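>>> I'll drop the sequence and a predicted model, then ask my questions.
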Amino acid sequence: MLRALVTGGFLIVAAIILSISFLFGVDTTTGNLLINLGTEIVGIVLTVAIVEWFFERRRLQNRGRQLAWDMLHATGHAVWVWQGGPREMDTDEVLGILDGVGEDDPLPDFTEGLMLAIGTRSRRLLNDDQAPVAAMPGLMNGLEHLSRLSSIRDAGASMPARKVADILEEGTKALSDALGRPPARLLPSLIRHRDPAVEKQERRHFGVATRAAPSEVRWAEGEQ
């Protein structure tokens, strides 16, 4: 807004100078000087405005690219907590794991909260960061897919695991395409350490298992 006001102000000054030059007459020394000054101001203002536009667009594209990477990393982390696999996964591994998600895979509250956070953040970016999102082709598509997770608890019942996986898969593919890294899907059978058990999810999310293992329970009962 400030840049537009400054540009407009200089253009108005240039227009006034050009108008005055015609009052003196373009054939006079003063008129010729003023018309040269006015056209010089217009040229400088337009040059600066065009350069500023390119810089602003580049800044928005860089911001959009960073948002795409952030959302891709957040999605990968949520998938790792939910399904396991290597701690640092490439997109092809993430897609492979999501392809292997079963209908009965558990989705406990804390993992569901990760999905909800991704959906809520995606919806907020679509509403509050429209300029950088629009400047990054394909980013809006990925965020729209992931924003569907913001309603994961709206129905009063948990969203089916397979539907959650499909949403994450569509969002991951769209973000990867936006970043110019279209991934190939890795076969789920080739991914090691995949384990969606609730106890394993707790350990990956909290760092330790919050539930006592059966052997620990039996040991405690024996002590009593």
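On my side now, so go ahead. Numbering: from 1, shown residues only.
>>> Not counting sequence-adjacent ones, nearest residue to L190?
G96 (7.0 Å; Cβ to Cβ, 6 or more residues apart in numbering). Using the backbone N, CA and C atoms, a C-beta is placed for each residue, glycine as well.
>>> got a list of what the one you found touches?
By Cβ atoms under 8 Å, 6 or more residues apart in numbering, the contact list for G96 reads R185, L186, L187, P188, L190, I191.
>>> Check the residue located most distally from the centre of the chain and give its pLDDT.
Seen from the C-alpha centroid of the chain, the residue lying at the greatest distance (Cα atoms, centre = their mean) is T28, 59.9 Å away. At T28, the model reports a pLDDT of 80.
>>> For it, what are phi and psi?
The phi/psi pair for T28 (degrees, to the nearest 10) reads phi -80, psi 160.
>>> Next: R194.
Dihedral angles of R194 (phi, psi; degrees, to the nearest 10) stand at phi -80, psi 120.
>>> re the thing from before, need the contacts of G96 in JSON lines with secondary structure, can you?
As requested, those are exported to JSON lines (DSSP: H, G, I helix; E, B strand; the rest coil):
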{"residue": "R185", "secondary structure": "coil"}
{"residue": "L186", "secondary structure": "coil"}
{"residue": "L187", "secondary structure": "coil"}
{"residue": "P188", "secondary structure": "helix"}
{"residue": "L190", "secondary structure": "helix"}
{"residue": "I191", "secondary structure": "coil"}
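>>> Spell out the secondary structure type for P183.
Following three-state DSSP, P183 is assigned to coil.
>>> Quick one: residues contacting it.
By Cβ under 8 Å, 6+ apart, the contact set of P183 is D90, T91, D92, L95, T172, K173, S176.
>>> Kindly recompute the last result at 10 Å.
D90, T91, D92, E93, V94, L95, G96, T172, K173, S176, D177 (Cβ atoms under 10 Å, 6 or more residues apart in numbering).
>>> Top of those by number of neighbours, please.
Most neighbours among these, by other Cβ atoms under 10 Å: V94, with 28 neighbours.
>>> Need phi/psi at R181.
Dihedral angles of R181 (phi, psi; degrees, to the nearest 10) stand at phi -130, psi 60.
>>> ok, the spatially closest residue to it that is not a sequence neighbour - contacts?
Spatial nearest neighbour of R181, chain neighbours left out: T91 (6.7 Å); criterion: Cβ to Cβ, 6+ apart. Contacts for T91 were tallied using Cβ under 10 Å, 6+ apart; they are 72, 75-76, 172-173, 175-176, 179, 181-186.
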